[in-house]
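S.K.: Fold the following for me, if possible:
(2 chains, ligands or ions: 2)
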Amino acid sequence: MIVAEDYETVADSRRSHPAQRVLVLALIGVLLLLPLWVYPVLLMKLMCFALFASAFNLLLGYGGLLSFGHAAFFGGAAYVTAHALKVWEINPEFAILTGVGAALGLGLVIGLLAVRRQGIYFAMVTLALSQMFYFFCLQAPFTHGEDGIQGFSRGKLFGIVDLADSTTLYYFVAAMFVASLFAIWRIVHSPFGMILQAVRENEQRAISLGYSVQRYKLGAFVMSAGFAGLAGSLKALLFQFATLTDVNWHMSGEVILMTLLGGIGSIAGPIVGAGLVVTLQNHLATSGFPVTTVLGATFIVCVLLFRRGIVGELRHRLPAWRRK
Amino acid sequence: MTLATVPAQHAPAGSRAALSARGLSKSFGNFQAVNDVDIDVHHGRIHALIGPNGAGKSTVFNLLTKFLQPTAGKIMLGETDITRMDPAHIARLGVARSFQISATFGDMSLVDNVCVALQRPNGLAVQFWRPLGSLSRLRPRAMELLGRVGLADMAARRAADLSYGRKRALEIATTLALDPKVLLLDEPLAGMGQEDVETMAGLIADVARDCALLMVEHNIKVVADIGHDITVLQRGEILTQGSYAEVSADPRVREAYMGAEDDD
Ligand SMILES: Nc1ncnc2c1ncn2[C@@H]1O[C@H](COP(=O)(O)OP(=O)(O)OP(=O)(O)O)[C@@H](O)[C@H]1O
Ligand SMILES: [Mg+2]
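M.R.: Ligands and ions are numbered 1, 2, ... in the order given. Modelled structure (predicted):
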């Protein structure tokens, strides 16, 4: 049954409200003050994965496309950024741009091949191609195989601001994080985003309205790859380290887990999911519990209890949230 | 019924059809679903495609709009050969269609459903950097179209929550948003109450003044009232073609129909 307030929600669910803006500003304020209480490196790691999951959600939550190969963009960009810092010794902003550029290019190639397929076949193509990329990284000399790329300095932002200081780095990462989330929010809430959601809702109908749906899917795929790449580049900058773990299929699985845990199709969902997974991993790493088992169990419990993900379930159950 | 009865005249001889097919055929494996179908749809006229269940009517629709690739035959849109074009391209050339199983954007509001149809013709489909507010200029037109099919007062509801008949109406509003040259409607009146059937049939007759319209319809009364040209399909082949008077006089048509109605 439909209650009266649903009419408003449906009509306005994609538009921002004053209450939402206040909330967002408050959260940004918290983000600015948080390093006073919490270890900044952990916070930065959280932001990297939250951005990765948000990039993934752009594709899954709004485009309805399940990629099993997003590690290629995350880890690929991490390698390129690390290489650019270590070997080319360029400024960090250019190193990040190069990493993102590589992710966009890789996204275009993998996307072109994948968007021709649907459903599980789409997922399989992305998995196969990202595994090919993994083996490339395993063999290519510039990645230094099992050792990875390490032992480089972060350099100076614009040649002025030294990122060696973790507080400075924190504010840089936080700024990139907030700007990226805003960009993703804008893409989702744009004319393009409307068509993307229409394609997800009913592909046949979208085609019959004259939309070449593969182009919209490809657009979303490349954008998602770009943001995943930015997350990977920031992670490489943060840990001064790029390794095979970031291009491994485990990483593709992890980002799916984060996104589904938090809930697809909302901006907050993947952030909450990433926060949960990274925090759990951090605690478990020192406790001696088998990390994968605990994560798997958490995932199963969440899927059984809240099928919409944590944020999705909250929004569904709390009417006050729905009006926002 | 308040509809004007259609004069039993044929399409003007020699005038080029807006949409036409020759020798249209489709087989699924060994099964010949459509066999050697010729069909012409003229501007300003309603062409009704009728026939028992499984005759191949929807398959003909999917062939004409290229959602399926014909195994043989040729399809012309005016002067343009569209036999090898992809369906989105054909839609952009002005061919709009509805689906037998209602195709709506379920999780979107009715007004957004129509807005999505308006976005491309208004050049507002690829801008990923602009806010949604840029679409607000499409809303008055979307509301007008919803009003035309009697859905204006529920514009903010989710499409998925509509009744079957209302989804059909929404589909018609969506196709009209394209300002089609050729409109193909697959059972547009299915699931509607008697009152809505009359209004909607009137609307379809009205719309057809400005386009070429092909529709599949099981409601024979409506076909008789608003159809100009009729094609009867049976087991993928054309049984007969002509005006309603001509077609209904054919004993084979009666037989085909009686047979089918017993099955229901
Ligand atoms: N994709 C397909 N693969 C195999 N067979 C198909 C396919 N599509 C349709 N058919 C078969 O082709 C025949 C014609 O189907 P179609 O849907 O065109 O009939 P119809 O005239 O629209 O019937 P109805 O009045 O029930 O809508 C049916 O026997 C159907 O089973
Ligand atoms: Mg049919």
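
S.K.: Is it correct that B:Leu214 falls within a strand?
M.R.: Yes. According to DSSP: H, G, I helix; E, B strand; the rest coil, B:Leu214 belongs to a strand.

S.K.: pLDDT at it, what is it?
M.R.: B:Leu214 is assigned 96 on the pLDDT scale.

S.K.: And for the one 10 residues further on?
M.R.: Note on B:Ala224: pLDDT of 89.

S.K.: Show me what from the stretch 1-150 of chain B comes close to ligand 1.
M.R.: Within the stretch 1-150 of chain B, the residues that sit near ligand 1 (C-beta under 6 Å from any ligand atom) are B:Phe28, B:Ala33, B:Gly51, B:Asn53, B:Gly54, B:Ala55, B:Gly56, B:Lys57, B:Ser58, B:Thr59, B:Gln100. To be clear about C-beta, it is placed using only N, CA and C from the backbone, and glycine gets the same treatment.

S.K.: and the third one, how far is that from ligand 2?
M.R.: Look at B:Gly51 and ligand 2: by C-beta to the ion, to the nearest Å, they are 9 Å apart.

S.K.: For A:Met194, which non-adjacent residue is closest in space?
M.R.: Of all residues beyond its chain neighbours, the one nearest A:Met194 is B:Val116 (6.0 Å), with distances taken as C-beta to C-beta, 6 or more residues apart in numbering or on different chains.

S.K.: Next one: the one you found from B:Leu138, what distance?
M.R.: Distance, B:Val116 to B:Leu138, by C-beta to C-beta, to the nearest Å: 9 Å.

S.K.: ok, the two, which is more surrounded?
M.R.: B:Val116 (29 against 22; other C-beta atoms under 10 Å in any protein chain shown).

S.K.: Pretty sure that one sits in a helix.
M.R.: Yes. The assignment for B:Val116 is a helix, going by three-state DSSP.

S.K.: check contacts around it.
M.R.: With contact taken as C-beta atoms under 8 Å, 6 or more residues apart in numbering or on different chains, B:Val116 is in contact with A:Met194, A:Ile195, A:Ala198, A:Ala206, A:Leu209, B:Phe105, B:Met108, B:Thr174.

S.K.: Give me the local confidence score for it.
M.R.: 96.

S.K.: What of A:Ser233?
M.R.: pLDDT, read off for A:Ser233, is 95.

S.K.: quick one, phi psi at the nearest residue in space to it that is not next to it in sequence?
M.R.: Excluding the flanking residues, the one nearest A:Ser233 by C-beta to C-beta, 6+ apart is A:Gly99, at 3.6 Å. The phi and psi values for A:Gly99, taken as degrees, to the nearest 10, are phi -60, psi -50.

S.K.: Was I right to think A:Gly99 contacts A:Ile90?
M.R.: No. The criterion here is C-beta atoms under 8 Å, and A:Gly99 misses it with A:Ile90 at 11.2 Å.

S.K.: With neighbour numbers in mind, choose between the two.
M.R.: Remark: of A:Gly99 and A:Ile90, A:Gly99 carries more neighbours, 32 against 15, as counted by other C-beta under 10 Å.

S.K.: where exactly do the strands run in chain B?
M.R.: In chain B, the strands defined using DSSP state E lie at B:19-28, B:31-41, B:46-50, B:72-77, B:80-81, B:95-97, B:182-186, B:212-216, B:229-234, B:237-242.

S.K.: closest to chain A out of these?
M.R.: strand B:95-97 (5.3 Å; C-beta to the nearest C-beta).

S.K.: strands paired with the closest one, and their directions?
M.R.: strand B:182-186 (parallel) (DSSP bridges).

S.K.: Quick one: name the residues of the stretch 1-150 of chain B near chain A.
M.R.: Residues of the stretch 1-150 of chain B lying near chain A by C-beta under 8 Å from any C-beta of the partner chain: B:65, B:67, B:86-89, B:91-92, B:96-97, B:99, B:103-109, B:111-112, B:115-117, B:119-120, B:124-135.

S.K.: quick one: the one residue in the stretch 101-250 of chain A that gets nearest to ligand 1 from A:Gly226, how far?
M.R.: Nearest residue of the stretch 101-250 of chain A to ligand 1 (C-beta to the nearest ligand atom) works out as A:Gln204 at 13.0 Å. Distance from A:Gln204 to A:Gly226, counting by C-beta to C-beta: 29 Å.

S.K.: Of the two, which one has the most company?
M.R.: A count of neighbours by other C-beta under 10 Å puts A:Gly226 above the other of A:Gln204 and A:Gly226, at 26 against 15.

S.K.: mind listing the helices for the stretch 51-200 of chain A?
M.R.: Ranges of helices in the stretch 51-200 of chain A, per DSSP state H, counting those that start in this stretch, are A:71-83, A:92-114, A:119-139, A:166-188, A:191-201.

S.K.: CA atoms only for whatever helix or strand comes next after the last one, dumped as PDB, please.
M.R.: Yep, that's helix A:191-201 we're talking about. Later in the chain than helix A:191-201, the nearest helix or strand by DSSP states H and E is helix A:203-208. Extracted in PDB, the C-alpha atoms of helix A:203-208 (Å, rounded to 0.1, in the frame of the first residue of the first chain):
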ATOM      1  CA  GLU A 203      16.600  -1.900 -21.000                       C
ATOM      2  CA  GLN A 204      14.100  -2.700 -23.800                       C
ATOM      3  CA  ARG A 205      12.100   0.400 -23.000                       C
ATOM      4  CA  ALA A 206      15.200   2.500 -23.100                       C
ATOM      5  CA  ILE A 207      16.200   1.200 -26.500                       C
ATOM      6  CA  SER A 208      12.800   1.700 -27.800                       C
END
